[in-house]
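Participant: I'll drop the sequence and a predicted model, then ask my questions.
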2 protein chains.
Amino acid sequence: MSKLKLFDAEYKLMDIIWEHEPINSTELTKICRQKLGWKKSTTYTMIRKLAERDILRNENATVTAMVKREDVQKYESEALLEDKFNGSLPAFLAAFLQDKKLSKKEAEEIQKMIEEATK
Amino acid sequence: MSKLKLFDAEYKLMDIIWEHEPINSTELTKICRQKLGWKKSTTYTMIRKLAERDILRNENATVTAMVKREDVQKYESEALLEDKFNGSLPAFLAAFLQDKKLSKKEAEEIQKMIEEATK
DNA sequence: AATATTGGTCTATTGTAATAGACTATATCT
DNA sequence: AGATATAGTCTATTACAATAGACCAATATT
């Protein structure tokens, strides 16, 4: 399995870590209890599993992410496109934009990115 | 749960149905056995569950989809954007296009769609 | 009439992600 | 010294999607 493939619960935890890192592990269990309703051991189990896969590190009670949020996002995006749209970005956009309006600002941002990726 | 939320195995079945519909149910079990390695009862169980949720119909041994592939694709795309990119299409594209090149043709197609969605 | 095929149902079983309880060791505070 | 908080492990348990076995009724076939 790819290092970047995260399960739902794993992603939720990483989300909190990305937002707060470096973060003390006890502090993290408290945030998880509050935001996700997780018990302490649930958080620690999760931490351990993710550490085994080198997705994060827990050293001296300090938790740090070893993968970037953008990289995971990129991986998930590609997986969706691959699975559901045969890898085609235009196909994805056709479905996504159906019955949708974009603001001028969004459109400009996007046009710029597309240009950049075509160079 | 949304009507359009399909689990992985469900999507695989629907994929086959969308390709072949309207399709005879016995025929469908055969395709599923061949393409997915499913036993007959697995396919029928799946059919029943999906029929209960009005995602397909099985009448006189003929299976037909009640939801369009594009609608499910749209739902899944929106869910990913919502969950992982805070609903922002630019954010999604930024991640997706990272280290990626687009062909001129793709770029043009996309530009056209963006324009269309801005009108 | 016997038998094979079709078209299913209903109730398990399996696999595995998600969750947590019980327990431990160490440091800190009173 | 005893109590409390910190930092964690290890082994279940739970939840639920995925899968299938056993069984049945109605046709179609020999």
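Facilitator: Received the coordinates, thanks. These numbers were taken from a predicted model, which means no experiment stands behind them. Residues are numbered from 1 along each chain as shown, chains lettered A, B, ... in the order given.

Participant: From now on I want contacts and neighbour counts done on CA atoms only, so please keep to that.
Facilitator: OK.

Participant: so who does A:Ile23 touch?
Facilitator: A:17, A:62-64 (C-alpha atoms under 8 Å, 6 or more residues apart in numbering or on different chains).

Participant: what does the top helix by length along chain A contact?
Facilitator: When chain A is parsed with DSSP state H, its longest helix is helix A:69-85. Helix A:69-85 has contacts (C-alpha under 8 Å, 6+ apart) with A:4-6, A:15, A:18, A:87-89, A:91-92, B:73, B:77, B:80, B:84-85, B:92, B:95-96, B:98.

Participant: Buried subset of the residues you listed, written for PyMOL?
Facilitator: Remark: buried members of these, expressed as a PyMOL selection using 16 or more other C-alpha atoms under 10 Å in any protein chain shown:
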select buried, (chain A and resi 4+6+18+89+91+92) or (chain B and resi 73+77+80+84+85+92+95+96)
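
Participant: on that earlier part again, would you mind listing the buried residues in the longest helix of chain A?
Facilitator: Within helix A:69-85, the residues scored as buried using 16+ other C-alpha under 10 Å are A:69-70, A:72-78, A:80-81, A:84-85.

Participant: swap in stretch A:106-119?
Facilitator: A:106-111, A:113-114, A:117.

Participant: Tabulate those residues in TSV, adding columns for secondary structure, distance to DNA strand C and pLDDT.
Facilitator: Output for the buried residues of stretch A:106-119, formatted as TSV (DSSP: H, G, I helix; E, B strand; the rest coil; distance: C-alpha to the nearest atom of the strand, whole Å; pLDDT from 0 to 100):
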residue	secondary structure	distance to DNA strand C	pLDDT
A:Glu106	helix	32	93
A:Ala107	helix	34	96
A:Glu108	helix	36	95
A:Glu109	helix	33	95
A:Ile110	helix	32	96
A:Gln111	helix	35	95
A:Met113	helix	33	95
A:Ile114	helix	33	96
A:Ala117	helix	33	94
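
Participant: what subset of those residues is also close to chain B?
Facilitator: A:106-107, A:109-111, A:113-114, A:117 (C-alpha under 8 Å from any C-alpha of the partner chain).

Participant: Name the residues of chain A found near DNA strand C, please.
Facilitator: Proximity of chain A to DNA strand C, by C-alpha under 7 Å from any atom of the strand, involves residues A:7-10, A:37-39, A:41-42, A:45-46.

Participant: rerun at 10 Å
Facilitator: Counting by C-alpha under 10 Å from any atom of the strand, chain A comes close to DNA strand C at A:1, A:6-13, A:32-33, A:36-49.

Participant: right, and A:Leu56 touches A:Ala65 too?
Facilitator: Yes. A:Leu56 is within contact range of A:Ala65, at 4.2 Å (criterion: C-alpha atoms under 8 Å).

Participant: mind listing what the residue of chain A found nearest DNA strand D touches?
Facilitator: Nearest to DNA strand D, among the residues of chain A, is A:Ala61, at 3.3 Å (C-alpha to the nearest atom of the strand). Counting by C-alpha under 8 Å, 6+ apart, A:Ala61 touches A:24-26.

Participant: Distance across stretch A:92-106, terminal residue to terminal residue?
Facilitator: 17 Å (C-alpha to C-alpha, to the nearest Å).

Participant: what does it rub up against?
Facilitator: Stretch A:92-106 has contacts (C-alpha under 8 Å, 6+ apart) with A:81, A:85, B:70-71, B:73-74, B:77-78, B:89-90, B:110, B:113-114, B:117-119.

Participant: Within reach of DNA strand D, which of those residues are there?
Facilitator: When the contacts of stretch A:92-106 are checked against DNA strand D using C-alpha under 10 Å from any atom of the strand, none falls in range.

Participant: Report the lowest-confidence entry in these.
Facilitator: Scanning those for pLDDT, the low point is B:Lys119. It has 77.
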